[in-house]
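Participant: Sequence first, then the predicted structure:
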Amino acid sequence: MANPVIAGIKDVGSRVFGGYAELLRIPHTARYAIGAVIACMPFPMVGMTITISVQHYYGNYSLAGALTAVQAISLAIASPMLGKLVDKFGQRQVSIPTICVWMVAAFSLVTAITSHAPEWVLFCIVPFMAAIPPWGAMNRSRWTHLLKGQPEKTNRALSLCGVFDECMWVIGNPLASTLAVISGVLSFTFTGVCVLVGALMFLTELTTEPKSQTQLAREAGMTRAEYRAHVAEQAAALRGKDEDGEKAAKGSIISAGLIAVCVTWFSIGAFQSATSISIIAFATEQNMKQYTGFVFACFSFSSLVGALVYGAKNWRIPLWKRFYFCLAVVNIGIGSFLFAKHLWVIMLIYLLIGVCQAPTWVNGNQLMLHLVPPTRFTEGMAWMGAMNSIGSSAGSAIAGQFIDRFGAHGGFMVVTVLALASLAIAFVGFKQIKESTETPDLTELAA
């Protein structure tokens, strides 16, 4: 009896993990994929470290919150700019000087905090902490370049990126809080080591790096502007839309579909960040604040499982249907928190709907393959992330105001309104999103 059970477990494991193992067995992929995740450690760790360190040395949560907000806004502004530079000049050419700026800024910030420098000094340094190469976008760009013309494997690779991202957040947040409590210097030092190790693993792997616009233009005997116009014309011909070609030829990747996706990602960031702060307020009111980390961990774990399962299946359902289904499950599920009477109810809902969280992001990544040429993919992904970050800042600020006035229930009212508004915004762009998925993706233009 045991043998059939074991055989069944092995079969399920092979179906779920076999495709991912196949991807990581491709020469050099494991090195850059893992390197990107390690290098991304500043994302979950820097904000937490700044908050705990500033509160410890200055005894001021308001200052800590203001500094993390400035860092988040700076990151949202810098990411698209860095993404555009990466596509233009190459991953190594942009990442190395960017890392140097971040290292100097991190050292300066630690020194200023521990020396109890004037507050204005901290505000001058913190924006430079946004000098983080877009590792996630560059990682996905490598996968899409490597798996060009293989949509099923590309979908699985993007899901694998989602799995790694969830692992990073699950590990990074508690690790940052633990190290920062011991010493802010220790936390920043560990983060810096992660950046250096991850960068070395990622940037020294040259065989999988996509060619930059500069390289491709040089090979084609064109200027970079002429090459962008050439690719834009090809993309417009593939879509059958001359107006998109005219915009892109002028140096813009903005299209109706891209605007629809970015606005949707802004609204997703807004209601999910509002959810986080509302759950903390709700748990505090119920004298269960110590369990909030467990609740968020359940959501992350569920999302991780969702990414694994989603990428293991070769989907025949159209991308736009999968996108709207996953988005509706997450938005409606979180919107129902307004009616929860206990923290464990929220945890249960999180476990159920979390399986659609990572697939929603994977679907968004796949939409980008239909909306921007591969030579501008990093920039497109950076715009998505930037809009999500800006939305997160706005959502937290709005929910915080309502929580101060009406308690956790007021926060969840904001969450419900924002979640339903996010879904409505996504459906406003239904025509543009559906049309973009019905045209071939633009990976073939990379040649």
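Facilitator: That came through, no problem. Residues are numbered from 1 along each chain as shown.

Participant: hey, let's count contacts and neighbours off CA atoms from now on
Facilitator: Noted.

Participant: Please save the CA atoms from stretch 204-219 in CSV.
Facilitator: Taking C-alpha atoms only, stretch 204-219 is exported to CSV below (Å, rounded to 0.1, in the frame of the first residue of the first chain):
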residue,chain,number,x,y,z
THR,A,204,29.7,37.8,-14.2
GLU,A,205,27.3,35.5,-16.1
LEU,A,206,27.8,37.0,-19.5
THR,A,207,26.4,34.3,-21.9
THR,A,208,22.8,34.9,-21.0
GLU,A,209,22.8,38.7,-20.9
PRO,A,210,20.5,40.2,-23.6
LYS,A,211,22.2,42.6,-26.0
SER,A,212,21.5,46.3,-25.3
GLN,A,213,20.0,48.7,-27.8
THR,A,214,23.5,50.1,-28.3
GLN,A,215,24.9,46.7,-29.3
LEU,A,216,22.0,45.8,-31.5
ALA,A,217,22.1,49.2,-33.2
ARG,A,218,25.8,48.9,-33.8
GLU,A,219,25.4,45.4,-35.3
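
Participant: What residues sit buried inside it?
Facilitator: Buried residues in stretch 204-219, counted by 16 or more other C-alpha atoms under 10 Å: 205, 208, 209, 210, 211, 212, 213, 214, 216, 217.

Participant: Spell out the secondary structure type for the second one.
Facilitator: On the three-state scheme (DSSP: H, G, I helix; E, B strand; the rest coil), residue 208 is labelled coil.

Participant: Could you pull up the residues touching it?
Facilitator: Applying C-alpha atoms under 8 Å, 6 or more residues apart in numbering, we find residue 208 in contact with 28, 29, 142, 145, 146.

Participant: Test my guess that residue 40 contacts residue 135.
Facilitator: Yes - using C-alpha atoms under 8 Å, residue 40 makes contact with residue 135 at a distance of 6.4 Å.

Participant: circling back to that earlier point, so which of the buried residues of stretch 204-219 sit within helices?
Facilitator: Mapping the buried residues of stretch 204-219 onto helices (DSSP state H) picks out 213, 214, 216, 217.

Participant: Now do the phi/psi pair for residue 40.
Facilitator: Phi and psi for residue 40, reported as degrees, to the nearest 10, are phi -80, psi 0.

Participant: export the ones in helices among the buried residues of stretch 204-219 to CSV and tack on pLDDT and distance to residue 99?
Facilitator: Shown next, in CSV, are those (pLDDT from 0 to 100; distance: C-alpha to C-alpha, whole Å):
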residue, pLDDT, distance to residue 99
213, 83, 22
214, 86, 22
216, 83, 25
217, 84, 27
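
Participant: now those as CSV including distance to residue 129?
Facilitator: Formatted as CSV, these follow (distance: C-alpha to C-alpha, whole Å):
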residue, distance to residue 129
213, 27
214, 28
216, 32
217, 33
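
Participant: Let me know the closest of these to residue 312.
Facilitator: residue 213 (32.9 Å; C-alpha to C-alpha).

Participant: which residue packs closest to the residue most central in space within the chain, ignoring adjacent ones?
Facilitator: Centroid-nearest residue in the chain, with C-alpha atoms, centre = their mean: residue 385, separated by 5.5 Å. Distances taken as C-alpha to C-alpha, 6 or more residues apart in numbering place residue 76 nearest to residue 385, at 7.3 Å, with adjacent residues excluded.

Participant: swap in residue 98?
Facilitator: Spatial nearest neighbour of residue 98, chain neighbours left out: residue 131 (5.5 Å); criterion: C-alpha to C-alpha, 6+ apart.

Participant: list the contacts for the one you found?
Facilitator: Applying C-alpha under 8 Å, 6+ apart, the residues contacting residue 131 are 75, 78, 98, 99, 101, 102.

Participant: and of the residues you listed, the nearest to residue 21?
Facilitator: Distances from residue 21 to the contacts of residue 131, taken by C-alpha to C-alpha, are shortest for residue 99, at 30.6 Å.

Participant: pretty sure the closest one contacts residue 133?
Facilitator: Yes - contact criterion C-alpha under 8 Å: residue 99 and residue 133 qualify, at 7.2 Å.

Participant: Give the residue from these two that has the larger number of neighbours.
Facilitator: For the pair residue 99 and residue 133, the greater number of neighbours falls to residue 133 (26 against 19), based on other C-alpha atoms under 10 Å.

Participant: about what we covered before: pull the most distant pair out of the buried residues of stretch 204-219.
Facilitator: Counting by C-alpha to C-alpha, the most remote pair of those is 205 and 217, 22.6 Å apart.

Participant: ranges for the helices of the stretch 251-400 of the chain?
Facilitator: Applying DSSP state H, counting those that start in this stretch to the stretch 251-400 of the chain gives helices spanning 256-285, 292-312, 319-335, 343-353, 357-371, 377-406.

Participant: Could you dump these into CSV and include mean pLDDT and distance to residue 150?
Facilitator: CSV is the format used below for the helices of the stretch 251-400 of the chain (pLDDT from 0 to 100; distance: least, C-alpha to C-alpha, whole Å):
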stretch, mean pLDDT, distance to residue 150
helix 256-285, 83, 23
helix 292-312, 82, 14
helix 319-335, 91, 15
helix 343-353, 90, 29
helix 357-371, 84, 12
helix 377-406, 82, 17
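
Participant: What ranges in the stretch 51-200 of the chain fall below the confidence cut-off?
Facilitator: 61, 65, 173-174, 177, 180-181, 184 (pLDDT under 70).

Participant: follow-up on the earlier one: any chance of JSON lines for the contacts of residue 131, columns distance to residue 120?
Facilitator: JSON lines is the format used below for the contacts of residue 131 (distance: C-alpha to C-alpha, whole Å):
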{"residue": "75", "distance to residue 120": "19"}
{"residue": "78", "distance to residue 120": "21"}
{"residue": "98", "distance to residue 120": "23"}
{"residue": "99", "distance to residue 120": "24"}
{"residue": "101", "distance to residue 120": "20"}
{"residue": "102", "distance to residue 120": "19"}
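
Participant: just curious, which of those residues is nearest to residue 370?
Facilitator: Once C-alpha to C-alpha is applied, the member of the contacts of residue 131 that ends up nearest residue 370 is residue 78, at 24.1 Å.

Participant: give me the number of residues near residue 220?
Facilitator: Neighbour count of residue 220, defined by other C-alpha under 10 Å: 12.

Participant: returning to what we had before: any idea which of the contacts of residue 131 has the most stuff around it?
Facilitator: Using other C-alpha under 10 Å as the neighbour criterion, residue 75 leads the contacts of residue 131 with 24 neighbours.

Participant: Return the residues in contact with that one.
Facilitator: Counting by C-alpha under 8 Å, 6+ apart, residue 75 touches 127, 129, 130, 131, 132, 386.
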